[in-house]
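Student: Sequence first, then the predicted structure:
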Amino acid sequence: MSDEPSDPPTLSARVRSREALADYLLDIGATLAACGCPSYRLEDVIRLIADIEGHRADPLALPTGLFLRVTGQDGSGPQVNRMARVSDWGVDLARLTLVDEVFNCVIDRRCTIEQARERIREIIRRPPEWSTVDVFIATTALSGASAVFFKGGLLEVLVAAIVGAVIAGSRHALASSRSGKAKTDPTEAAGTSRRNARRLLSDFLGGLFAASCAWLALHVWPDAKPEVIVPAGAIALFPGMTFTTGVAEVAQKNVVSGGARLIESGVTLLLILFGVALIAGVGEIVGADMPSWLGSKNPLVGLSLPWQALALFVSSLAFGALFQVPRRWLWTTFVSNATGWIVADVAVHYRLPGHVGAFCAALSVCMFANGLARVTNRPAQLFQLPGMMLLVPGSFGFLSLSAFLESPDTSQGMQRGFTMALVGAALVIGILVANVVVPSRKLL
């Protein structure tokens with residue numbers, strides 16, 4: 001073998017290498033965005049991979065798309081620009097975990113970029129960890145369990161579960177109608193437009209149905225509590241995690257992405273509330289007595305501790321299915337939820353302010369998630385997101401807007417809205433502090 005140094009790669013070879021890297025970064029970034037990865041984490045992953053490969057990447061991640069520029073490490077040389085549109089997104093922790101394994105494989109030089117892109121395509125094509133039937137059951141069970149957390153009785157649990165089942169069924173029907181027909185047929189354009197309109201109306205229809213069921217339940221059972229049935233039944237629609245992620249992204253200086261998520265959460269709450277307001281308006285027209293969506297002045301008692309423990313277990317399993325947690329890690333959703341629930345309950349017992357309790361609970365959940373991520377070499381989000389769901393302030397936003405709807409006095413609505421913002425900020429600060437105290441060693 002000759003000892004003479006090989007010639008440096010030509011410009012065209014460097015460009016081809018840079019284009020292959022840009023395509024790989026675009027694939028991995030778009031997949032992570034569709035799986036629910038926050039924009040600031042996604043951008044950090046892209047920059048790290050490009051740096052390891054000897055290039056520089058300048059990503060701009062949005063909830064609906066990803067823009068990417070790849071250059072030399074010093075910013076010199078030909079630029080390679082890429083853009084991907086993200087049309088459907090949610091939280092899929094099983095796929096996110098698999099993508100994490102792929103880019104770890106590339107970083108460790110155990111597979112090439114071409115092999116990694118093929119593996120990512122296989123991850124996208126693979127069936128979900130939890131089937132549609134599993135998600136339907138999980139949504140129904142979550143609504144019933146949420147009624148327990150909102151201090152409802154067995155009646156509220158039953159009615160809320162019915163509302164959750166209808167909302168889950170309608171979502172499945174809309175998803176099936178979108179995927180059931182080919183979009184390439186020009187004659188299906190009008191049908192596609194109608195299906196998209198129905199999808200956009202799902203939040204409004206969910207609030208409408210939840211309020212209708214609460215109204216009917218109150219007429220059949222005078223002791224029913226509409227202030228429990230409505231938020232518990234529509235709990236799957238509330239954008240609490242979207243709001244909290246938006247606050248976190250703004251705090252990380254991802255202003256465009258964070259602002260978009262905050263606007264999305266606000267619009268979602270308005271659509272849900274308008275469904276409730278429409279029922280109230282119809283009631284006024286027909287002269288029917290409408291319930292107070294904010295409840296009576298008497299404090300709610302709720303069910304006993306064993307029922308709350310059962311609701312905690314059920315909701316943990318439900319979050320595992322809704323977030324597509326790998327089945328082998330399902331036990332972590334219960335531990336994570338229990339950690340947040342116990343800390344929050346202790347804070348309530350000692351009469352700490354709500355935002356202080358939220359901060360302590362978020363800190364505990366994220367320290368547990370980061371510690372487990374260090375031990376298992378898995379993404380911290382796998383253990384963090386399910387545990388945060390009992391803490392996010394989506395119901396505060398609904399109650400805030402409901403207060404504006406029911407009373408000309410805006411002070412109560414402003415107070416609840418401020419509480420939602422303060423709790424959201426407390427959760428974000430808890431996450432940031434946990435990342436400093438117990439870093440996870442992984443970007444995801």
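Tutor: Thanks, I have the structure now. If you're wondering where the values come from, they're calculated on a predicted model, not measured in any experiment. Numbering: from 1, shown residues only.
Student: Relative to Pro226, how far out is Ser212?
Tutor: Using C-beta to C-beta, to the nearest Å, Ser212 is found at 11 Å from Pro226. In this view, the C-beta of every residue, glycine as well, is placed from N, C-alpha and C.
Student: Please tell me I have it right and Cys37 contacts Leu444.
Tutor: Yes - judged on C-beta atoms under 8 Å, Cys37 makes contact with Leu444 at a distance of 6.6 Å.
Student: Between these two, which contacts overlap?
Tutor: Common contact partners of Cys37 and Leu444 (C-beta atoms under 8 Å, 6 or more residues apart in numbering): Val45, Leu96, Gln381.
Student: check contacts around the first one.
Tutor: This means Val45. Ile28, Gly29, Leu32, Cys37, Phe103, Leu443, Leu444.
Student: ends of stretch 234-242, how far apart?
Tutor: Length of stretch 234-242, first residue to last, C-alpha to C-alpha, to the nearest Å: 16 Å.
Student: buried stuff in that stretch?
Tutor: Buried residues in stretch 234-242, counted by 16 or more other C-beta atoms under 10 Å: Ala234, Ile235, Ala236, Leu237, Phe238, Pro239, Gly240, Met241, Thr242.
Student: which residues make contact with that stretch from outside it?
Tutor: In contact with stretch 234-242 (C-beta under 8 Å, 6+ apart) are residues 91, 139, 142-143, 146, 160, 163-164, 167-168, 202-203, 206-207, 210, 231, 261, 264-265, 268-269, 272, 322, 385, 388-389, 392-395, 397-398.
Student: ditto for stretch 158-174
Tutor: So stretch 158-174 is contacted by 132, 135-136, 139-144, 146-147, 152, 195, 198-199, 202, 205-206, 209-210, 213-214, 217, 224, 228-229, 232-237 (C-beta under 8 Å, 6+ apart).
Student: let's go with 7 Å and repeat that
Tutor: Stretch 158-174 is touched from outside by 132, 135-136, 139-140, 142-144, 146-147, 195, 198-199, 202, 205-206, 209-210, 213, 217, 224, 229, 232-234, 236-237, with contacts defined as C-beta atoms under 7 Å, 6 or more residues apart in numbering.
Student: Under the pLDDT cut-off, which ranges of the stretch 151-300 of the chain? List them.
Tutor: Filtered on pLDDT under 70, the stretch 151-300 of the chain yields the residue ranges 174-200, 286-299.
Student: what ranges do the helices span in it?
Tutor: Listed in chain order, the helices of the stretch 151-300 of the chain (DSSP state H, counting those that start in this stretch) span residues 154-179, 189-200, 202-220, 226-233, 240-251, 255-286.
Student: Ok, which of these comes nearest Gly357?
Tutor: Comparison of the helices of the stretch 151-300 of the chain against Gly357 by C-beta to C-beta identifies helix 240-251 as nearest, at 15.2 Å.
Student: how many degrees apart are that closest one and helix 255-286 in direction?
Tutor: Interaxial angle, helix 240-251 versus helix 255-286 (axes from the mean of the first three to the mean of the last three C-alpha atoms, to 10 degrees): 140 degrees.
Student: quick one: helix 240-251 to chain centroid distance?
Tutor: Put simply, helix 240-251 sits 10 Å off its chain's centre (C-alpha atoms, centre = their mean, to the nearest Å).
Student: circling back to that earlier point, looking at the contacts of Val45, spot the one nearest Asn81.
Tutor: Gly29 (13.5 Å).
Student: Contact partners for Gly302?
Tutor: Val148, Lys151, Gly152.
Student: Give me the spatial nearest neighbour of the first one, chain neighbours excluded.
Tutor: Excluding the flanking residues, the one nearest Val148 by C-beta to C-beta, 6 or more residues apart in numbering is Ala311, at 3.8 Å.
Student: Let me know how buried that neighbour is, in neighbour terms.
Tutor: 21 (other C-beta atoms under 10 Å).
Student: Likewise for Pro127?
Tutor: Pro127 sits with 6 neighbouring residues when counted by other C-beta under 10 Å.
Student: Quick check on it: phi, psi?
Tutor: Torsion angles at Pro127 (phi, psi; degrees, to the nearest 10) stand at phi -70, psi 160.
Student: What of Leu32?
Tutor: Taking degrees, to the nearest 10, you get phi -60, psi -40 for the backbone angles of Leu32.
Student: So it is in contact with Leu98, correct?
Tutor: No - contact status for Leu32 versus Leu98: not in contact, 10.9 Å apart, counting by C-beta atoms under 7 Å.
Student: Please name the nearest non-neighbouring residue to Arg261.
Tutor: Gly246 is the one closest to Arg261 (C-beta to C-beta, 6+ apart), at 3.3 Å.
Student: List the residues that contact the one you found.
Tutor: By C-beta under 7 Å, 6+ apart, the contact set of Gly246 is Gly258, Arg261, Leu262, Ser265.
Student: Between Ser212 and Pro226, which is the more surrounded one?
Tutor: Shown here are Ser212 and Pro226; by other C-beta under 10 Å, Pro226 has more neighbours (23 against 17).
Student: Was I right to think the more buried one contacts Cys213?
Tutor: No - judged on C-beta under 7 Å, Pro226 makes no contact with Cys213 at a distance of 9.1 Å.
Student: Arg378 and Leu98, how far apart?
Tutor: Taking C-beta to C-beta as the measure, Arg378 and Leu98 are separated by 11 Å.
Student: Neighbour count: those two, which is higher?
Tutor: Arg378 (23 against 20).
Student: what sits against the more buried one?
Tutor: Each residue near Arg378 by C-beta under 7 Å, 6+ apart is listed here: Thr97.
Student: For the nearest residue to Gly54 once chain neighbours are set aside, give me its contacts.
Tutor: With sequence-adjacent residues excluded and distances taken as C-beta to C-beta, 6+ apart, Gly54 is closest to Gln73, at 6.3 Å. Contact analysis of Gln73 by C-beta under 7 Å, 6+ apart lists Gly54, His55, Arg56.
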